[in-house]
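Visitor: Kindly return the folded structure for what I paste below:
(chains A and B)
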Amino acid sequence: MMPLPELARAHFEAPRNAGRLDAATGLIGRGCAGHVQSGIEVEFQIAATSDLRLGPVAWLCLGPPEAIAAASWLSEAVFGSTPGSAAGWTAPGICEALELPAQAVSDVLVVEDAFRRALADLERQT
Amino acid sequence: MTTVPGDAELLYLDYAATTPVAPEVAARMAACLQIDGVFGNPSSRHRWGVDAAHLIDAAAGQVGALIGAPADGVVWTSGATESDNLAVLGVGRFARERGRGNHVISARTEHAAVLGALEQLEREGMEVTLLPPGPDGAVTVEQVGEALRDDTVLVSLMHVNNETGAVNDIAAIGERLRQHPARFHVDAAQSAGRLPLCADAWGIDLLALSGHKIYGPKGVGALWVRRRPRVRLSPLFHGGGQQDGVRPGTLAPHLIAGMGEACALTMADMEHEPARLRGLRDHLREQLVDLGAVQVNGQANGSPHVLNVSIGCVNGDALQADLDGLGISAGSACSSSDQAASHVLRAMGVPDALAHSTLRFSLGRWSTRESVDAAVARVGASIQRLRALSPAWPRYRDGQSLDALYRRNPQPAGASKESR
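Guide: Numbers count the residues shown, from 1 in each chain, chains lettered A, B, ... in the order given. All right, here's what the predicted structure looks like:
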């Protein structure tokens, strides 16, 4: 296995915002991608603030270290941003931010898919 | 037993991959290296050569004693991979060249050393039947009997599977083969020193051993070849006349002396060590199963030194990264260095994703209750951490089974033969 870059390793070893949001949080967009059977499954929950920016983000990930690190990092990166700007994050961009190798893109794509579905679900509700 | 304390040894639980050289073996080897030692060329007729030849004869006796076979059948090789290749290719080619048959039987769970040699025989025009294992990882005497054909020249099966510890009933299969002219080759690299071996009495014709699996050095192994009645095989190497031309090349007294000493040590430990390892393995298994969503792969009472478990609801790469520094085999590393799912677990019907999150613990001379407990604590903490991140874990806790989570397909019919 390739060693993880420093930032990715920090997120893998001490993930931020893992879990699920409290249902009482308010509006929550939910999205899932992948499947246990393929070795990677990701779930995102995104809360909206009163001014329709992204509030707390929570996630769960059964996946390789790169996917866990990506989910953790993305959950911090998008806090407070607009849905439009958050949607600008793609798997290659996340990999670049975490200095992950090109072969990690396929795993991080599942993270991106779950995140986008959660964003779309949130936008449907607003 | 020599006790080697210290943290470095505590968490090494990968004795099926390799073992450290026992201090007694190292001392024996060191005595063969320098001018005042037994360093001669065993083919030489002067005193140094004769001394080396005597040393090699003594080592063959130690090998023979461990495997329950006459020492005159021992052929020294570079390790079990060469021994397996020499047996499979040597017997197959010898028989085919003389029109004695064209068919070989083996199993889907064999070591790559055997499977690779079988692929080569296929390229040369021979037919190979690979038996599927049962859910416990073993093949049965009935499967072997059904697969036998008039033109079968070789049956090649491992005694103990290196990944799962599953034990094939070699004695029963050998008995069945007494009624058939096919030669019987057994890869005993994992069983030597862990289970009793009676090569002669069990009707084995060729038996492969490795030095470094039994606290001997790397780079030396043996293939025991039955002399009475004589089993003939084509050599892999040519030139020189050593070892009756079956495996030419100057013998290495220090390696052979080391392997002989390792066999003697292992044999001396047979009375107590397997039972001790079995107790540790059972303790390890109980603690791991208690973690939940853990599937034990292999027989409940397989080889005493191996435990193979698949950890549900975590990703294998994440688990492996989290366990960095712990001396166990994880995921695909249980079988090889590539990233493909284990061919052994696949053959047993384990889904790829679950196979990928598999850990193989293998115990040995310096394994203790403390090292087992420390490893379990480490593994348990990793699993707990990763499951807290996993969307599958809540579903398992809510009652979904591993079969349902991983969409396991039913095991294919077990007793049919399968050609590749």
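
Visitor: Quick check: residues of the stretch 201-350 of chain B near chain A?
Guide: B:313-318, B:320-321 (CB under 8 Å from any CB of the partner chain). C-beta here means a position set from N, CA and C on the backbone, and glycine is covered the same way.

Visitor: please redo it, this time with the cut-off set to 10 Å
Guide: Contact residues (CB under 10 Å from any CB of the partner chain) of the stretch 201-350 of chain B with chain A: B:312-322, B:324, B:330-331, B:333, B:339, B:341.

Visitor: From those residues, list just the buried residues.
Guide: Taking 16 or more other CB atoms under 10 Å in any protein chain shown as the criterion, what is buried in those is B:312-322, B:330-331, B:333, B:341.

Visitor: What is the lowest-pLDDT residue among these?
Guide: Lowest pLDDT within those is found at residue B:333 (53).

Visitor: doesn't residue B:197 fall inside a helix?
Guide: No - in this structure, residue B:197 is coil, not part of a helix, as judged by DSSP: H, G, I helix; E, B strand; the rest coil.

Visitor: so it touches residue B:67, yeah?
Guide: Yes - taking CB atoms under 10 Å as the definition, residue B:197 is a contact partner of residue B:67 at 4.5 Å.

Visitor: Do stretch A:82-100 and chain B come into contact?
Guide: No - Stretch A:82-100 stays clear of chain B (CB under 10 Å from any CB), getting no nearer than 13.0 Å.

Visitor: which residues sit in contact with the spatially most central residue of chain B?
Guide: Centroid-nearest residue in chain B, with CA atoms, centre = their mean: residue B:190, separated by 3.4 Å. The neighbours of residue B:190, taking CB atoms under 10 Å, 6 or more residues apart in numbering or on different chains as the test, are B:15-16, B:80, B:111, B:158-163, B:165, B:167, B:210, B:213-214, B:303, B:305-306, B:362.

Visitor: rerun that using 8 Å as the cut-off
Guide: Taking CB atoms under 8 Å, 6 or more residues apart in numbering or on different chains, we find residue B:190 in contact with B:16, B:158-162, B:165, B:213, B:303, B:305-306.

Visitor: Max pairwise distance over those residues: which two?
Guide: B:158 and B:305 (14.4 Å; CB to CB).

Visitor: So, low pLDDT: which residues of chain B?
Guide: By pLDDT under 70, the low-scoring segments of chain B are B:1-10, B:332-339, B:409-420.

Visitor: rerun at 50
Guide: Scanning chain B for pLDDT under 50 picks out the ranges B:1-6, B:8-9, B:411-420.

Visitor: remind me, longest helix of it?
Guide: Longest helix in chain B, counting residues (DSSP state H): helix B:47-67.

Visitor: what does that helix rub up against?
Guide: By CB under 8 Å, 6+ apart, helix B:47-67 touches B:32, B:38-44, B:70-74, B:76, B:188, B:192-193, B:197-199, B:207, B:209, B:222, B:224, B:251, B:253, B:256-257, B:259-261, B:263-264, B:266-267.

Visitor: From the residues you listed, which land in helices?
Guide: Mapping the contacts of helix B:47-67 onto helices (DSSP H) picks out B:253, B:256-257, B:259-261, B:263-264, B:266-267.

Visitor: got a winner among the residues you listed for most neighbours?
Guide: In terms of neighbours by other CB atoms under 10 Å in any protein chain shown, the ones in helices among the contacts of helix B:47-67 top out with residue B:259 at 33 neighbours.

Visitor: now that residue: how far from residue B:207?
Guide: 14 Å (CB to CB, to the nearest Å).

Visitor: For chain A, which segments are assigned as helices?
Guide: Under DSSP H, chain A gives helices at A:6-13, A:65-77, A:83-86, A:91-98, A:105-125.

Visitor: Let me know the angle separating the first one from helix A:65-77.
Guide: Interaxial angle of helix A:6-13 relative to helix A:65-77 (axes from the mean of the first three to the mean of the last three CA atoms, to 10 degrees): 90 degrees.

Visitor: Please report how far the residue nearest to residue A:105 when sequence neighbours are not counted lies from chain B.
Guide: Sequence neighbours aside, residue A:91 is the residue nearest to residue A:105 in space, at 5.0 Å (criterion: CB to CB, 6 or more residues apart in numbering or on different chains). Distance, residue A:91 to chain B, using CB to the nearest CB, to the nearest Å: 17 Å.

Visitor: Spit out the contact partners of residue A:91.
Guide: A:70, A:105, A:108-109, A:111-112.

Visitor: Please list the residues outside the helix or strand bottoming out on mean pLDDT in chain A that contact it.
Guide: Of all helical and strand segments in chain A, the minimum by mean pLDDT, DSSP states H and E falls on helix A:83-86, at a mean of 95. Helix A:83-86 is contacted by residues A:52-54, A:78, A:115, A:119, A:122-123 when judged by CB under 8 Å, 6+ apart.

Visitor: Show me which residues of chain A are close to chain B?
Guide: So far as CB under 8 Å from any CB goes, chain A lies against chain B at A:1, A:4, A:12, A:15, A:18-19, A:32, A:36-43, A:60-65, A:67-68.

Visitor: now, which of those residues lie within strands?
Guide: A:32, A:40-43, A:60-62 (DSSP state E).

Visitor: buried ones in stretch B:61-73?
Guide: Per 16+ other CB under 10 Å, stretch B:61-73 contains these buried residues: B:61-64, B:66-71, B:73.

Visitor: measure it end to end?
Guide: From its first residue to its last, stretch B:61-73 covers 10 Å (CA to CA, to the nearest Å).

Visitor: How far off centre is it?
Guide: 19 Å (CA atoms, centre = their mean, to the nearest Å).

Visitor: just stretch B:235-254 next, same as before
Guide: Counting by CA atoms, centre = their mean, stretch B:235-254 comes out at 24 Å from the chain centroid.

Visitor: cool, and stretch B:56-68?
Guide: Here stretch B:56-68 shows a centroid-to-chain-centroid distance of 19 Å under the convention CA atoms, centre = their mean.

Visitor: quick revisit: any idea which helix or strand carries the residue nearest to the centre of chain B?
Guide: Per DSSP states H and E, residue B:190 falls between elements, in no helix or strand.

Visitor: Would you mind writing the CA trace of stretch A:107-116 as CSV?
Guide: The C-alpha trace of stretch A:107-116 is given here as CSV (Å, rounded to 0.1, in the frame of the first residue of the first chain):
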residue,chain,number,x,y,z
ASP,A,107,-12.7,5.8,-4.6
VAL,A,108,-13.1,9.6,-4.1
LEU,A,109,-15.7,9.6,-6.9
VAL,A,110,-18.0,7.6,-4.6
VAL,A,111,-17.5,10.3,-2.0
GLU,A,112,-18.3,13.0,-4.6
ASP,A,113,-21.4,11.0,-5.7
ALA,A,114,-22.8,10.7,-2.1
PHE,A,115,-22.1,14.4,-1.4
ARG,A,116,-23.8,15.5,-4.6
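
Visitor: Contacts only, for the spatially most central residue of chain A.
Guide: Among the residues of chain A, the one closest to the centroid is residue A:71, at 3.6 Å (CA atoms, centre = their mean). Going by CB under 8 Å, 6+ apart, residue A:71 touches A:15, A:18, A:42, A:44, A:59, A:61, A:63, A:111, A:114.

Visitor: Rebuild those as CSV, extending it with pLDDT and neighbour count.
Guide: Listed next are the contacts of residue A:71 as CSV, based on pLDDT from 0 to 100; neighbours: other CB atoms under 10 Å in any protein chain shown:
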residue, pLDDT, neighbour count
A:15, 98, 21
A:18, 98, 18
A:42, 98, 29
A:44, 98, 31
A:59, 98, 29
A:61, 98, 30
A:63, 98, 29
A:111, 98, 30
A:114, 98, 28
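
Visitor: Got the domain ranges for chain B?
Guide: With domains defined by automatic domain parsing, chain B comprises B:23-269, B:273-409.
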